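Undergrad: Sequence and predicted structure are below.
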Amino acid sequence: MWRQRILALAKKEFFTLLKDKKSRFVIIGPPIIQLLVFGYAATFDLSHLPFAVYNEDRGSPSRDLIAHFSGSPNFKAVATLNREAQVAPLINRRDALLVLHIGPQFTRNLLLGQPAQLQVIVDGRNSNTAVLALNYVRTIVNRFNQQWAESQGRTGPPARLEVRAWFNPNLLSRWFIVPGIVGLLTLVVTMLVTALSVAREREQGTFDQLLVTPLRPVDILIGKALPGFLIGVGEATVIIVVAVLWFEVPLLGNLLTLYVGVILFLLSAIGVGLMISSLSVTQQQGLLGAFLFLVPAIILSGFATPIANMPPLVQELTLINPMRYFMVILRGVFLEGVPLSLLVQQLWPLAAIAVVTLTLAGALFRRRMY
Amino acid sequence: MTSDSVSPDTSPVVKSEGFGSKDVVLDINDVSKSFVTSHRRVQALESVNLRIGRGLVTGLIGPDGAGKTTLMRLVTGLLLADGGRISVLGVDVAREPLVVQAMVGYMPQRFGLYEDLTVQENLDLYADLQGVAPADRPARYRELMRMTGLAPFTTRLAGRLSGGMKQKLGLACTLVRSPALLLLDEPTVGVDPVSRRELWAIVYRLVQEQAMTVLLSTAYLEEAERCHEVALLYQGQVLGQDSPASFSAQLQGRTYAVTAPGLKKRALQETLSVRPGVVDAVIQGDRVRLVMDNTTPPATDALLPALPGAVLEPVPPRFEDSFIARLHAGEATRASAYSTDQHDPRAVASPTGNEPVIEVRHVQRRFGSFYAVRDVTFDVCRGEVFGLLGANGAGKSTTFRMLCGLLPSTSGSLRVAGVNLRRAAAHARARIGYMSQRFSLYGSLSALQNLEFFSSAYGLSGSQREARIAWALRQFELERMADVSSIDLPLGYKQRLALACALMHEPEILFLDEPTSGVDPLARREFWRRINLLAERGVTVLITTHFMEEAEYCDRLAIMAAGEILSLGTPAEIKRAARSPAIAEPTMEQAFIALIEAQQQTGMAS
Amino acid sequence: MRLRGLIRKEFLQVLRDPSSIAIAFVMPVVLLLLFGYGVSLDAKHVPLALVIDQPSADTASFTGAFQESQYFRPTMKATMRAAEQALLQGEVNGIVRLRADFSRRLHGDTSAPIQVIVNGVNANDARLIQGYVEGVWVNWLEDLARARGEELNIPIRLQQRVWFNSELRSRNYLVPGLIAVIMTLIGALLTAMVMAREWERGTMEALMVTPVAMREVLLGKLIPYFLLGMGGMLLSVIMAVWLFGVPLRGSLAVLFVAASLFLLVALGMGLLISIVAKNQFVAGQVAIIVTFLPAFILSGFIFDIGSMPQIVQLLTHLIAARYFVSILQTVFLAGNVWAVLVPNALALIAMAVIFLGLSRRRARKRLD
């Protein structure tokens, strides 16, 4: 009999969520749009970096070097300078991110086997872009060096680096970001669905009505969690499909493993959502609470910036953030094909968070009444 | 309380004899207004014509949803009419809203106060907005404070004032600059009778001293008799505009009071209401008030054949009688549908016994340092209709919520059917039915889906569930609306649906929290008939209300104010206790006022 | 007089209602702390596995170079298998392996290969690590050459000069960007909520029946929250400079002119949302959806706009935060570069005019 009650409750939740055109849109529209926009926008891969050349050298090696830059998809030549004074305005105005300055002695030194100087001036306002741009410059210069040494029949340096990137050989940051978006959007939608569900009923007075029926708090909890759970799973599935088919992110791991992670994550997110919801009296409080949880949860999850870069205290704080574990699971399963057994470290904290938050939410149904 | 005010109980001087066009302050000419909600188009007002003369108090009377607020907003220029013309003192509202807004004072339903500002700050704000010169303010404020009795509270936050004080502050704010036309939208809703009486005193004084014109809307029919003129608004149409006396006069010779010794008043009412020719039968004190459809005196034995002792006594008509008669003329009698289905299989329970089903002992509820409920004790027996009566904030809802197990009590003991619902197992809750304030339904679900959900929530299944849903649809005449989202249902239907949901599992005890607020008088009568039927079958009913006349329908009631029970007993006992040399036969409202005043005096003495 | 009354009322309400103060002052502090410390792209002490197939003096000098670097926290692994396992489990982010023939080839004619494997899952991190490894490698080569008494034979020597942020601290650009994100939130959320609140509590109805003009009602909302927002801005700037040590190279005056322009846009946006929504709940939801995430991802505060696809780049022009981020990063790190400031400021002015104009048009003294 209790199963029937819960089913009735879940059915009602679905009706209230999906019958209204506006709330249907809130659940379906923004996530899809955000997935597409963010999938393209959220990238650390730089392309068409505007650069300018100030070449005081007349030799062909310098022109050869510049051709290496112009030919790279990462760079785009925007200006050729002939005076030192032109450099500053160009960078200040952000017309060029970097300026390559080749001195008059460049070809001579090169031919003499003495180190030839290539000066790179880079705009450090966005330091991450600057660091990455310098890396690109270094890669091109290294390639030039190697070719030059070979063409001159000289030996290179006594030791050379052979770098390989595992899991993402071309270092596409989309492969990193898009699985993260699976977590990001699933979290946002689940929170919107659950964080308001109790508060909405409180405001409309129907929650009192529920509490005086023979339904137990556990029944209400399951009934409330079920729609958020199913919508979350559906949403996650759609995003995973788009990630694989549209953004062509490889899915190396086991789907089952992935879904174990999705399910545990959803449970913990639903727990947090319902907890916020049962703590709040009005929908507005629920919304504010959801927001106050979402922002730090996203920032401190490792979605965009690695947790390892945070100060130790903040790193410890992230241990209670379910997103943090889910990010590791998502990226591990997608790109590394990590098996379930290696993810236990990530799965048990999710399960623990889910148990604690769901229990608290159920207990708060009755407490927070006045 | 301003003791020197004009007694509102003295009939106002009616001067309804034709006034020249110069004296017309508000002229509403063939005005229509409709709204388009996401689901359907609602005709709020239909070719409304109304002329309001200078220096008169005009009451806009009608149930919720009749279009009162829409009409008020049209007059203030907050809404634009679809057709027709409204002018205030000759100025067209649609064309020059700012000019009109400078001439009218308008108090919206929730008084338009900033609850986080103090009384003085609210006054200052409205004085600024109304452009009252700083030099004129001190005198004006003094005058307003004297009138409203708010002088001791100028530094208190508006949100901390009682309902009655908020209402008076709202009025003061609209009066900072003396308007030519004062519009009050349901100023007396949710306010206790004492404050209501004080508001009327202020209104009369404004009319007398400043020749102000007042248009006031209300759902309380008894207030109609306090107006010079009444406009009846029903379903967007004006049914008539006249003095209340002439409204009542139309029913001269058709109203009676019936006493029948040996028959309980509820049974008497029930019997009378289905007799041919009877328009209305309501309980009033120990008697039943009867309105007939013609002036031919009815034969007593035709009405009550089996009761030789019944006495039929002609009484003067009231405004309410004519209102009901008018509405009845518009609608077919609704009574037939459910009277055919009186015999519910469960009608075996013995009626009124003496075993207490609900026991409340010395219950207190504290929020911080504020006592919402203070030492409340009462019993309710099986098959009894027990009323909790009081203004907003009197503590009746808090008591109610504690009984339902929604709120823990701070101290004292509560037992419903022998258990405390807060700690009781789930199955104990299956014995009670609960209908909350505002008819809490799932708005996006259809009527049928609401019934399906609540029947499942109460553990019904299979054919039993089907049968109950079919019963509810038939019994509450919901078939026609079964697929309509409950948020789009008319209020009367919402109320019926909410009651149906609470009755799905045939509870022994029914909790009803303000089940009739905002519902039109016809629906209210119908609702009470259903409650009476349930009570006859042994269902115990606990009900809260702030309609004084509904108190008469209860077997026993408790009158609450400031968290305490002021008086407890049958309606007759309560009224008897309030007898005084001044008032020999007090009404329930007069009894209530007397109780409150007595309490305030003892409060001051202690 | 009417306007003054409205403004005074608004201030009194703010003072009485701690949640407005919280949004205006506590939120910036908390968010700035959270983001300022939480969001950092500078990898330091990256865990790295070193696999030395046959230890020698040469390999020791090489591993020593890694141990000295502040960017790495190397751990020795006995076998490649162990190192790979560590990489899979996320214990280390990269592996550096010196094969058994390292010493022999180092002293021979062919150059000795150094095998480097980085975990490419986080491409950005991987690139940074790769760059750091190269840095360590070049330094080590130079030391090696110096020890042998010869000049290191590299044809082109890169000499890099980073302007405006020579230590390449990511905090220096993230914190100014954050101010834009936070100001978006404060401005839009604050006004969206307070305006909607008046509708919900029925006070708007009472206001509108007085002879007050709609213009005055809007100004009465705008001015107090503008001042409040500027207070939040001042607080953020103080924190940025004193707590996070971000240099402020431009003038404070320019910063505040830009901030006030941006605040006008944000407030206008909030006003418009609440005028259209008329309900705190919807207003709050819309404000979060259209302000926070776009300001976070599409403003150029973290992700480089120039590298986005063309169509997304066009989209970013609709995000006011984009212009403000550009102004902030320039004023803080570069100075008063008018060529950057003027076009961005003009864009902000245009957006402010559009939003405030639309608010003015949509806000009528009517309920329908």
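TA: Looks like it came in fine.

Undergrad: how about the nearest residue to the residue in the stretch 201-350 of chain A positioned nearest to chain B, chain neighbours excluded?
TA: Using CB to the nearest CB, the closest approach of the stretch 201-350 of chain A to chain B is made by residue A:205 at 3.4 Å. To be clear about C-beta, it is placed using only N, CA and C from the backbone, and glycine gets the same treatment. In space, and not counting its chain neighbours, residue A:205 is closest to residue B:440: 3.4 Å by CB to CB, 6 or more residues apart in numbering or on different chains.

Undergrad: Contacts only, for that neighbour.
TA: Applying CB atoms under 8 Å, 6 or more residues apart in numbering or on different chains, we find residue B:440 in contact with A:204, A:205, A:206, A:208, A:209, B:498.

Undergrad: Residue B:251 too?
TA: Contacts of residue B:251 were listed using CB under 8 Å, 6+ apart, and they are B:291, B:317, B:321, B:322, B:325.

Undergrad: Residue C:189: what secondary structure?
TA: Here residue C:189 takes the helix state, with states given by DSSP: H, G, I helix; E, B strand; the rest coil.

Undergrad: again with residue B:33
TA: Three-state assignment for residue B:33 (three-state DSSP): strand.

Undergrad: Confirm for me that it is in contact with residue B:78.
TA: No: with contact taken as CB atoms under 8 Å, residue B:33 and residue B:78 are classed as non-touching, separated by 11.5 Å.

Undergrad: got the contacts of residue B:251 as CSV, with neighbour count columns?
TA: Converted to CSV, these look like this (neighbours: other CB atoms under 10 Å in any protein chain shown):
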residue, neighbour count
B:291, 22
B:317, 21
B:321, 24
B:322, 26
B:325, 20
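
Undergrad: shouldn't residue B:448 be in contact with residue B:469?
TA: Yes: counting by CB under 8 Å, residue B:448 does reach residue B:469; the two are 7.3 Å apart.

Undergrad: Pull up the gap between the spatially most central residue of chain C and residue A:304, please.
TA: In chain C, the C-alpha closest to the average C-alpha coordinate belongs to residue C:174, at a distance of 3.6 Å (CA atoms, centre = their mean). When CB to CB, to the nearest Å is applied, the distance between residue C:174 and residue A:304 equals 11 Å.

Undergrad: Give me the next element, helix or strand, following the helix or strand harbouring residue B:123.
TA: In this assignment (DSSP states H and E), residue B:123 forms part of helix B:119-130. Under the assignment DSSP H and E, the closest C-terminal helix or strand after helix B:119-130 is helix B:137-148.

Undergrad: How about residues contacting that following helix?
TA: With contacts defined as CB under 8 Å, 6+ apart, helix B:137-148 is touched by B:2, B:123, B:127, B:132, B:150-151, B:154, B:168-169, B:171-172, B:175-176, B:202, B:205.

Undergrad: and for residue C:174 and residue A:304, which residues touch both?
TA: Common contacts of residue C:174 and residue A:304, defined by CB under 8 Å, 6+ apart, comprise C:39, C:302.

Undergrad: Could I get the contacting residues of the nearest residue to residue B:384 once chain neighbours are set aside?
TA: In this structure, residue B:384 finds its nearest non-sequential neighbour in residue B:555, 4.8 Å apart by CB to CB, 6+ apart. Counting by CB under 8 Å, 6+ apart, residue B:555 touches B:352, B:384, B:385, B:386, B:535, B:570.

Undergrad: Using TSV, lay out these together with secondary structure and neighbour count.
TA: Putting those into TSV (DSSP: H, G, I helix; E, B strand; the rest coil; neighbours: other CB atoms under 10 Å in any protein chain shown) gives the following:
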residue	secondary structure	neighbour count
B:352	coil	15
B:384	coil	23
B:385	strand	24
B:386	strand	22
B:535	helix	23
B:570	coil	13
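
Undergrad: which one of the residues you listed is nearest residue B:458?
TA: Taking CB to CB as the measure, residue B:458 sits nearest to residue B:535 out of the contacts of residue B:555, at 20.9 Å.

Undergrad: Next one: that closest one from residue B:560, what distance?
TA: 22 Å.

Undergrad: Likewise for residue B:412?
TA: In this structure, residue B:412 lies at 15 Å from residue B:560, with CB to CB as the measure.

Undergrad: Please list all residues in contact with residue A:174.
TA: The neighbourhood of residue A:174, defined by CB under 8 Å, 6+ apart, consists of A:39, A:43, A:45, A:247, A:249.

Undergrad: Tell me the spacing between the residue nearest to the fourth one when sequence neighbours are not counted and residue A:332.
TA: If I follow you right, that is residue A:247. With CB to CB, 6+ apart as the measure, residue A:178 is the residue that lies nearest to residue A:247, at 4.9 Å, once sequence neighbours are left out. Applying CB to CB, the value for residue A:178 to residue A:332 is 14 Å.

Undergrad: what are the ranges of the helices in the stretch 51-200 of chain C?
TA: Using DSSP state H, counting those that start in this stretch, the helices of the stretch 51-200 of chain C run over residues C:57-68, C:80-88, C:102-107, C:123-147, C:170-201.

Undergrad: so which of those helices gets nearest residue A:274?
TA: Checking those against residue A:274 by CB to CB gives helix C:170-201 as the closest, at 23.9 Å.

Undergrad: Give me every residue in the stretch 101-250 of chain C lying close to chain B.
TA: C:201, C:202, C:203, C:205, C:206, C:207, C:208, C:209, C:210, C:211, C:212, C:213 (CB under 8 Å from any CB of the partner chain).

Undergrad: ok, residue B:106 touching residue B:173?
TA: No: at 10.3 Å, residue B:106 and residue B:173 do not qualify as touching, with contact defined as CB under 8 Å.

Undergrad: quick one: common contacting residues for the two?
TA: The contact lists of residue B:106 and residue B:173 share residue C:206, where a contact means CB under 8 Å, 6+ apart.

Undergrad: three-state assignment of the nearest residue to residue A:101 once chain neighbours are set aside?
TA: Of all residues not flanking residue A:101 in the chain, residue A:119 sits nearest, at 4.0 Å (CB to CB, 6+ apart). Classification of residue A:119 using three-state DSSP returns strand.

Undergrad: quick one: contacts for residue A:119?
TA: By CB under 8 Å, 6+ apart, the contact list for residue A:119 reads A:100, A:101, A:102, A:103, C:159, C:160, C:161.

Undergrad: just to revisit the earlier point, could you give the number of residues near the residue of the stretch 201-350 of chain A closest to chain B?
TA: Residues near residue A:205, counting by other CB atoms under 10 Å in any protein chain shown, number 15.

Undergrad: Could I get the contacting residues of it?
TA: With contacts taken as CB under 8 Å, 6+ apart, residue A:205 has the following neighbours: B:436, B:437, B:438, B:440.

Undergrad: Also residue A:125?
TA: When contacts are counted by CB under 8 Å, 6+ apart, residue A:125 is found next to A:94, C:164, C:165, C:173, C:329, C:330, C:333, C:334.

Undergrad: go again using 6 Å as the cut-off
TA: C:164, C:173, C:329, C:333 (CB atoms under 6 Å, 6 or more residues apart in numbering or on different chains).

Undergrad: Tell me the predicted confidence for it.
TA: Residue A:125 is assigned a predicted lDDT (pLDDT) of 80.

Undergrad: and if you look at residue A:302?
TA: Confidence at residue A:302, expressed as pLDDT, is 85.
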